[in-house]
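Peer 1: sequence? don't have it. structure:
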């Protein structure tokens, strides 16, 4: 398995902090966000691929050079060629670019601006056991929050039975954060999904399309996730986060 970290956004809601510095490299709990993510999965993956925009590719290459020995895996930084928020490819096209350049493999795909207080290793074990593409999920009982995210329903065997992006009237209360395990065969279907009208912007749009084409399962998160979107959320996580619980 290889890991794709989506880090090509421009984090405009965090300006001026991120105007000339990438959000995944911001310090949280004494380390860059991306370092927390890669430390947790280093024993589970063969390679780590960071998808950056052109503006920040050099920053990520500097980080990779300083961390490759510690992680003990190949770290590849892919420049998606964009330089502004207006010209960004979108998360799904960034996933496609990374998978095409890195080659056939199962993939763990995750956003580079989230931190977790639990390990992803049980999620990867769950995906291996099921043998399908999988998502993470957690219970969310706020209607406004559900209307801003992806929402799924599952059967007693954790098989996804419905998947909606930002539904006005959610069918359930299981929200999906941007962490996905894709089989090699499924991730190769991104061009098909885009041709069928799948949105290129949100990473979950491909998972939603795929769930209607093949069986997919959902793993219930073992703890809390922090999504760093604006200055208030960054300051909150910066003061509270201390890493995954051991």
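Peer 2: Nice, thanks for sending it over. Here the structure is a predicted model, which is why all the values come from computation and not from measurement. Numbering: from 1, shown residues only.
Peer 1: Quick check: chain neighbours aside, which residue is closest to residue 88?
Peer 2: residue 82 (5.0 Å; C-beta to C-beta, 6 or more residues apart in numbering). All C-beta atoms are positioned from the backbone trio N, CA, C, and that covers glycine.
Peer 1: Report the contact partners of the one you found.
Peer 2: 8, 53-55, 88-89 (C-beta atoms under 8 Å, 6 or more residues apart in numbering).
Peer 1: Tabulate those (TSV), appending secondary structure, pLDDT and neighbour count.
Peer 2: Shown next, in TSV, are these (DSSP: H, G, I helix; E, B strand; the rest coil; pLDDT from 0 to 100; neighbours: other C-beta atoms under 10 Å):
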residue	secondary structure	pLDDT	neighbour count
8	coil	96	30
53	coil	96	23
54	coil	96	14
55	coil	96	17
88	coil	90	18
89	coil	91	18
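Peer 1: Now the two most distant members of those residues.
Peer 2: The span of the contacts of residue 82, defined through C-beta to C-beta, is set by 55 and 89 at 13.2 Å.
Peer 1: Spell out the secondary structure type for residue 210.
Peer 2: Under DSSP: H, G, I helix; E, B strand; the rest coil, the three-state class of residue 210 is helix.
Peer 1: ok, now how distant is it from residue 132?
Peer 2: From residue 210 across to residue 132, the span is 10 Å (C-beta to C-beta, to the nearest Å).
Peer 1: Buried residues of the helix ranked longest in the chain, list them for me.
Peer 2: Longest helix in the chain by number of residues, with DSSP state H as the criterion: helix 57-71. Under the neighbour-count criterion of 16 or more other C-beta atoms under 10 Å, helix 57-71 has 57, 59-61, 63-64, 67, 71 buried.
Peer 1: Among the residues you listed, which one sits closest to residue 155?
Peer 2: Distances from residue 155 to the buried residues of helix 57-71, taken by C-beta to C-beta, are shortest for residue 71, at 37.4 Å.
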